[in-house]
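> Fold the following and give me the result.
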Amino acid sequence: MEAFEIAVIGGGLAGSIAALSFARKGFRTALVTPETIRNDARTSALMENSIGFLKALEIWDKVSEHATPLATMQIIDGTDRLLRAPTVAFRASEIGLEAFGQNIPNAPFLAILNEAMAAEPNLQVISAGVNNAVLGGEKAELTLTNGERIQAGLVVGADGRQSLIRKSAGIDVHVTNYPQTAVVLNFSHDLAHNNTSTEFHTATGPFTQVPLSGRRSSLVWVVTPQEAAALVDMTDEALNRRIETRMQSMLGKVRIETRPQAWPLSAMTAKHFGKHNAILIGEAAHVFPPIGAQGLNLSLRDIETAVGLAGEAKAAGRNLSIGDAYDRRRRADILTRTAGIDLLNRSLLSGFLPVQMLRAAGLQVLSSVAPLRHFLMQEGVSPGRALRGFPDFLRKKIDRKHA
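Numbering: from 1, shown residues only. Prediction:
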């Protein structure tokens, strides 16, 4: 039975980045992942902290060739309700940045990771799934679908929302099913996007355009399952017209570049994020609607925490059973982010007038109160930075008042 220090289960973006991160920190690592067939047409928006993580991993130079800056993010109320919120624009220049982050297509991103992993001597990629996982002992034991058995000091579950590692660790989940499906595609347009991402809040969920290179953008359009099926079946010409109309012709004529894919939406949060010698990252730990560019950024913070804790344990001569410490370290960040996104998504779906009033009032405050807007932008780009700087912010305000 082959033994590894780390076994990462699942070869999506989160799992691949985790495996490469552990290997480059000197851990003998296995990435166990079945062959994937479906091409992922989605994109990932990475914020400042996440880009710094990829730079430290020495892959950002190649990834950046496919990246497009996100200089402005605006929210437009696209509902037809009685109370409509004002348009809110978040500009990176307001907090001294050229861009909040970068938007990257998932397919080339994953190809770059695969190339880096193939050249990493501490990393072995095993093309298989996991049939059985025995966790909690001195070493975890995994039985793979190709008949192999391996041992690991730490198992990293990056195997998605139906995670076998999570189930094997005896970790329950809280699940919310939304009456929504995300339709994703890429499109070209006549007018320049000026590195601006626009999120229309509609009665069925967000319609989010995110800039790609040139006069191109990616789209995540959240609708009912019935409408999603209709959009997927539309001709290119009909879909072009629907997108242009929904965007109020802000980018001129639209031409889709890829046929739409439909992804049913749900929210899931694990009740624990680690136990003993197993931890959960990415969608094995948390799933939420595509609002606010949080998904992969949250997963990279999972990975950063896990690699740090494992490094501390190894340096101290301890075993790699960091699951309980990892759970404590990640809990606040994950729960606050998932709860906030769930609340915003529910506010879009609710036809209850007081809820509409609260949502409209909240966006009105963001639109008119610059310090609060700056605070939220800094916290979104670099979690914790705005909170750490809050005392200085208050002192400056007090000094100005007494000057």
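
> okay, now Phe187: neighbour count?
24 (other C-beta atoms under 10 Å). (C-beta placed from N, C-alpha, C; glycine too.)

> so it bridges to which residues?
According to DSSP bridges, the partner residues bridging Phe187 are Ser217, Ile256.

> my guess is it meets Ile243, correct?
Yes - using C-beta atoms under 8 Å, Phe187 is in contact with Ile243, at 6.3 Å.

> tell me, what's touching those two both at once?
Common contact partners of Phe187 and Ile243 (C-beta atoms under 8 Å, 6 or more residues apart in numbering): Leu219, Val254, Ile256.

> in the stretch 201-350 of the chain, which spans are helices?
225-233, 236-246, 295-315, 323-349 (DSSP state H, counting those that start in this stretch).

> Please apply the same query to the stretch 51-200 of the chain.
Under DSSP H, counting those that start in this stretch, the stretch 51-200 of the chain gives helices at 60-64, 106-118, 164-168.

> right, so those helices: which one is the most enclosed?
When those are scored by mean count of other C-beta atoms under 10 Å, the highest mean neighbour count falls to helix 164-168 (a mean of 21).

> got the contact list for that helix?
For helix 164-168, contacts defined as C-beta under 8 Å, 6+ apart pick out 9, 130, 132-135, 155-157, 159, 173, 270, 278, 280, 284-285.

> what's the neighbour count on Thr87?
Thr87: 12 surrounding residues under other C-beta under 10 Å.

> Go ahead and flag the most central residue of this protein.
The residue lying closest to the centre of the chain (C-alpha atoms, centre = their mean) is Gly295, at 1.4 Å.

> for that one, what are its contacts?
Going by C-beta under 8 Å, 6+ apart, Gly295 touches Ser44, Phe288.

> Which pLDDT value does the model give it?
In this model, Gly295 is scored at 79, pLDDT.

> burial count for Ala332?
9.

> can you check the one 5 residues further on too?
Neighbours of Arg337 under the rule other C-beta under 10 Å: 20.

> from now on call the first residue 868
Renumbered: residue one is now 868, and that last one reads Arg1204.

> domains of this protein?
869-928+972-1041+1133-1211, 936-970+1045-1131, 1219-1269 (automatic domain parsing).

> Please state the offset of the first one from the chain centre?
For domain 869-928+972-1041+1133-1211, the separation from the chain centroid amounts to 13 Å (computed by C-alpha atoms, centre = their mean, to the nearest Å).

> before we move on, back to that, of the helices of the stretch 918-1067 of the chain, which is nearest Thr1063?
helix 927-931 (19.5 Å; C-beta to C-beta).

> before we move on, back to that, with distance to Thr1075 added, can I get the helices of the stretch 1068-1217 of the chain in JSON lines?
Output for the helices of the stretch 1068-1217 of the chain, formatted as JSON lines (distance: least, C-beta to C-beta, whole Å):
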{"stretch": "helix 1092-1100", "distance to Thr1075": "15"}
{"stretch": "helix 1103-1113", "distance to Thr1075": "11"}
{"stretch": "helix 1162-1182", "distance to Thr1075": "12"}
{"stretch": "helix 1190-1216", "distance to Thr1075": "12"}
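
> Quickly compare those and say which is most buried.
Neighbour counts (mean count of other C-beta under 10 Å) averaged over each of the helices of the stretch 1068-1217 of the chain peak at helix 1162-1182, with a mean of 21.

> could you dump that helix to PDB, C-alpha only?
Taking C-alpha atoms only, helix 1162-1182 is exported to PDB below (Å, rounded to 0.1, in the frame of the first residue of the first chain):
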ATOM      1  CA  GLY A1162     -16.600  31.000  -4.600                       C
ATOM      2  CA  LEU A1163     -13.000  30.300  -5.500                       C
ATOM      3  CA  ASN A1164     -11.700  33.100  -3.300                       C
ATOM      4  CA  LEU A1165     -13.200  31.400  -0.300                       C
ATOM      5  CA  SER A1166     -11.800  28.100  -1.400                       C
ATOM      6  CA  LEU A1167      -8.300  29.500  -1.700                       C
ATOM      7  CA  ARG A1168      -8.500  30.800   1.900                       C
ATOM      8  CA  ASP A1169      -9.500  27.200   2.800                       C
ATOM      9  CA  ILE A1170      -6.300  26.000   1.100                       C
ATOM     10  CA  GLU A1171      -4.100  28.700   2.600                       C
ATOM     11  CA  THR A1172      -5.300  27.800   6.100                       C
ATOM     12  CA  ALA A1173      -4.900  24.000   5.500                       C
ATOM     13  CA  VAL A1174      -1.300  24.300   4.100                       C
ATOM     14  CA  GLY A1175      -0.300  26.600   7.000                       C
ATOM     15  CA  LEU A1176      -1.700  24.300   9.700                       C
ATOM     16  CA  ALA A1177      -0.100  21.200   8.100                       C
ATOM     17  CA  GLY A1178       3.200  23.000   7.900                       C
ATOM     18  CA  GLU A1179       3.100  24.000  11.500                       C
ATOM     19  CA  ALA A1180       2.200  20.400  12.500                       C
ATOM     20  CA  LYS A1181       5.100  18.900  10.500                       C
ATOM     21  CA  ALA A1182       7.600  21.400  11.800                       C
END
